[in-house]
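1. using only what follows, build the 3D model:
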Amino acid sequence: MRKTSLLTWLSLLALCALSICSAETILPEPSPACESAAGRQVLLTAGDIEVVITLNDSQAAADFTGMLPLELTLIERSSFAKGMRLPRALSTDEETTREYSIGDFGYWDVGAELAIFYDDLHEQTGVPVIPLGRAESGAETLRDASGTARLELLPVQDVEGPDV
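-> From the prediction side, this is the model:
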């Protein structure tokens, strides 16, 4: 009986080992890293308000660009930021901060929300934020914005001048 039991356990162990090996060979290759979003610009439109946001070199920003264009509902956040809930979470393997200034654009992984700061009313954010980029101007105009915001990636501008 003991011999049969031991043989059964060894067979099960071998079967499990083979299953693991075959699962590893079936798994798809990891996808290549997303292209950098550094310097790419996103146009945020809410009614008549347009704000251009320049993205940084984070993996979360690159992940975000792959979701665009989006139409999201604006959510008021403590009278200093507008939030927008994403349809899925972004990559969160990034440094976070609670520091912010007007125009900062970031990601709160609590609830998978974007945030754009339009006022410096608070000393810091209530939750850690992953910086995604910055609006150089116009963020203040979002104070009274409500409803839906459209976010779309702007085409890359050709920085070279005409051929001479």
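2. so Ile75, which of the three states?
-> strand (DSSP: H, G, I helix; E, B strand; the rest coil).
3. hey, where'd the helices end up in the chain?
-> Secondary structure of the chain by DSSP state H: the helices cover 2-26, 59-65.
4. and these, which one's lowest on average pLDDT?
-> Among those, helix 2-26 has the lowest mean pLDDT, at a mean of 39.
5. where in this protein is pLDDT low?
-> By pLDDT under 70, the low-scoring segments of the chain are 1-34, 158-164.
6. 50 - rerun?
-> By pLDDT under 50, the low-scoring segments of the chain are 2-33, 161, 164.
7. going along the chain, name the strands of it.
-> Here the chain has its strands, by DSSP state E, at 41-46, 49-55, 70-77, 81-85, 104-108, 113-117, 130-135, 148-153.
8. which stretch among those comes nearest Phe64?
-> Comparison of the strands of the chain against Phe64 by Cβ to Cβ identifies strand 130-135 as nearest, at 6.1 Å. The C-beta positions use only the backbone N, C-alpha and C, and glycine is treated the same way.
9. what is the neighbour count of the closest residue to Arg85 other than its chain neighbours?
-> Computed as Cβ to Cβ, 6 or more residues apart in numbering, the closest residue to Arg85 that is not its neighbour in sequence is Glu113, at 5.2 Å. Neighbour count of Glu113, defined by other Cβ atoms under 10 Å: 22.
10. can we start the residue count at 43 from this point?
-> Yes, from this point I'll number from 43; that puts the last item at Glu155.
11. and Glu155, what does it touch?
-> By Cβ atoms under 8 Å, 6 or more residues apart in numbering, the residues touching Glu155 are Ile117, Gly125, Met126, Arg127, Leu128, Tyr149.
12. over to Ala80?
-> If a contact means Cβ under 8 Å, 6+ apart, then Ala80 has Leu97, Asn98, Asp99, Ala103 as its contacts.
13. what's the most distant pair in those?
-> Leu97 and Asp99 (8.1 Å).
14. so for the two, which residue has more residues nearby?
-> Leu97 (23 against 12).
15. report the separation between the residue nearest to Leu112 when sequence neighbours are not counted and Ser133.
-> Counting by Cβ to Cβ, 6+ apart, Leu112 lies nearest to Leu193, which is 4.8 Å off, once chain neighbours are set aside. Leu193 sits 17 Å away from Ser133, taking Cβ to Cβ, to the nearest Å as the criterion.
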